[in-house]
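give the three-dimensional model of this entry:
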Amino acid sequence: MDKPKKSVRRKTSGVTIDEVAALAGVSPMTVSRAVNQGNVREETRERVMRAVRKLGYTPNVAASSLAAAQHTRIALIYANPSGAYLSELLVGLLRVASNAPVQLTIDYWENMDAEAERKAARSLASRVDGVILPPPLCESAAAVGELVKARIPVVAIASGRQGDGISCVRIDDFHAGKEMAEHLIQHGHTRIGFICGRDDLSASARRYDGFVTALHEAGLEVDPELVQRGNYTYRSGLGAAELLLAHGNPPTAIFASNDDMGAAAISVAHRRGLDVPRDLTVVGFDDTSAATTVWPELTTIHQPIAAMADAAIDILLRTIRNRNDEARPLTDHVLPHRLVERDSVARPPRGR
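Residues are numbered from 1 along each chain as shown. As a prediction, this is how the structure comes out:
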């Protein structure tokens, strides 16, 4: 009887990633990142590669690809006070991250001054491959400057402009603000109150500029007393709406720069015994859950927050793959918005 043939197996050097890590004096994770062009210091990469050559280590291609995927870390740095906006953004990011080769980490930077943001950014740069900055941090010169200096790819979400050295995913806030103001004017409103967003965000200014342009094109003047400051929070919307409705000649419509403040304006109107929209029209911006958890539901501008998160991760992954390029291409990705009509808009009451 013929003896069964022994299976032929390809001999390997048997060198493991742990042995390379021990010789280089680093962790196995650092070896994986160095071999796969991950985010490590150049001197560390050179030390690892010397160990690789000395030991004759040949990484398994499939395992290396998996390791590279598992060790692509993207951080979301968050300081936005709007819970509804955070919810929309996180749902979008988590959905995309679950289907992409990334690990998503979340940092919350609360009440940091510029120096604290710089320090936090320097620390973060040593731990991640890319960063997503939603408002208001999308325009933090301190954070952006440190991350760019560390050559960490950054994508700003919902900034009104593309920053120096970073990519941006946004909508056209100017035309969105203009479109909403035109919608109110078409319904017969000529006395329109406006609740602004944060002073330090270009998107806030762009929405207001669109509002002003629509009024001027319709031959209407902007009454400075009908423009109140907000901070994108529900509480700031309460204060701004109180001031607008306490005016001797109050507006017939209020355009709030986000849905949280729009929901607050509806609350103030109800507290004053006003019917929305019969006595007062109220509109918002963003189309977050806050727009549909009030009565009546808010007419608003739909900002595709989940799609913006998808685009941000896609831009980061493409940039990370090309991290060795001296001139990294920067992207200014503008997504379409749309006006969502609900039940909070009507013509002005008679006599107004």
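
so where do the helices sit in the stretch 1-150 of the chain?
According to DSSP state H, counting those that start in this stretch, the stretch 1-150 of the chain carries its helices in the segments 17-24, 28-35, 42-55, 61-70, 83-98, 114-125, 141-149.

which stretch among those helices comes nearest residue 240?
Of all the helices of the stretch 1-150 of the chain, it is helix 83-98 that lies closest to residue 240, at 17.5 Å by CB to CB. Every C-beta, even on glycine, is put in place using the N, C-alpha and C of the backbone.

for that closest one, which helices and strands make contact with it?
strand 73-78, strand 103-108, helix 259-271, helix 305-321 (3 or more CB pairs under 8 Å, 6 or more residues apart in numbering; DSSP states H and E).

now the second one against helix 305-321, angle please.
It stands for strand 103-108. Orientation check (axes from the mean of the first three to the mean of the last three CA atoms, to 10 degrees): strand 103-108 against helix 305-321 gives 110 degrees.

report the secondary structure state of residue 282.
strand (DSSP: H, G, I helix; E, B strand; the rest coil).

how many neighbours does residue 160 have?
When neighbours are defined as other CB atoms under 10 Å, residue 160 has 22 of them.

which residue comes closest to it once chain neighbours are left out?
Leaving aside its chain neighbours, residue 160 sits nearest to residue 202 (3.2 Å; criterion: CB to CB, 6 or more residues apart in numbering).

next, give phi and psi for that neighbour.
phi -70, psi -30 (degrees, to the nearest 10).

which of the helices and strands packed on helix 83-98 is buried the deepest?
helix 259-271 (a mean of 25; mean count of other CB atoms under 10 Å).

ok, and what's touching it?
The contact list for helix 259-271, computed with CB atoms under 8 Å, 6 or more residues apart in numbering, reads 82-85, 195, 230, 232-238, 240-242, 244-245, 254, 256, 275-276, 279-280, 282-288, 290-291, 293-296, 298, 300, 344.

do stretch 185-196 as well
Counting by CB under 8 Å, 6+ apart, 181, 184, 204, 208, 211, 214-215, 218, 220, 223, 226-230, 237, 240-241, 244, 249-257, 261-262, 265, 281, 345-348, 352 sit against stretch 185-196.

mind checking which of those residues are buried?
Buried subset of the contacts of stretch 185-196 (neighbour count, 16 or more other CB atoms under 10 Å): 181, 184, 204, 208, 211, 214-215, 220, 226-228, 230, 237, 240-241, 244, 250-257, 261-262, 265, 281, 345-346, 348.

how about the helices and strands packed on helix 83-98 in TSV, adding distance to residue 160 and mean pLDDT?
Putting those into TSV (distance: least, CB to CB, whole Å; pLDDT from 0 to 100) gives the following:
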stretch	distance to residue 160	mean pLDDT
strand 73-78	19	89
strand 103-108	23	86
helix 259-271	18	97
helix 305-321	14	87
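
which of the ones you listed sits closest to residue 167?
helix 305-321 (5.1 Å).

quick one: the closest one to strand 73-78, angle?
Using the same axes, to 10 degrees: helix 305-321 against strand 73-78 is 140 degrees.

residues contacting helix 305-321, please?
72, 74, 85, 88-89, 91-93, 95-97, 100-102, 129-130, 132, 153, 155, 157-158, 167, 169-170, 286, 288, 328-329, 331, 333, 335.

if we can go back for a sec, now, the contacts of stretch 185-196 that are in helices?
The helices, defined by DSSP state H, take in 181, 184, 204, 208, 211, 214-215, 237, 240-241, 244, 261-262, 265 from the contacts of stretch 185-196.

re the thing from before, who wins for proximity to residue 56 among the helices and strands packed on helix 83-98?
Nearest of the helices and strands packed on helix 83-98 (CB to CB): helix 305-321, 27.4 Å.

so how far does stretch 224-232 reach from one end to the other?
By CA to CA, to the nearest Å, the extent of stretch 224-232 from end to end equals 20 Å.

do the same with stretch 152-164
So stretch 152-164: terminal residues 13 Å apart, CA to CA.

check the offset of it from the chain's centre.
Relative to its parent chain, stretch 152-164 has a centroid offset of 9 Å by CA atoms, centre = their mean, to the nearest Å.

next, the buried residues of it.
For stretch 152-164, by 16+ other CB under 10 Å, it's 152-160, 162-163.

make JSON lines from those residues and add distance to residue 314 and pLDDT to it.
What follows is the buried residues of stretch 152-164, written out as JSON lines (distance: CB to CB, whole Å; pLDDT from 0 to 100):
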{"residue": "152", "distance to residue 314": "17", "pLDDT": "92"}
{"residue": "153", "distance to residue 314": "12", "pLDDT": "92"}
{"residue": "154", "distance to residue 314": "14", "pLDDT": "93"}
{"residue": "155", "distance to residue 314": "9", "pLDDT": "93"}
{"residue": "156", "distance to residue 314": "15", "pLDDT": "93"}
{"residue": "157", "distance to residue 314": "13", "pLDDT": "92"}
{"residue": "158", "distance to residue 314": "16", "pLDDT": "88"}
{"residue": "159", "distance to residue 314": "17", "pLDDT": "85"}
{"residue": "160", "distance to residue 314": "21", "pLDDT": "70"}
{"residue": "162", "distance to residue 314": "17", "pLDDT": "63"}
{"residue": "163", "distance to residue 314": "19", "pLDDT": "65"}
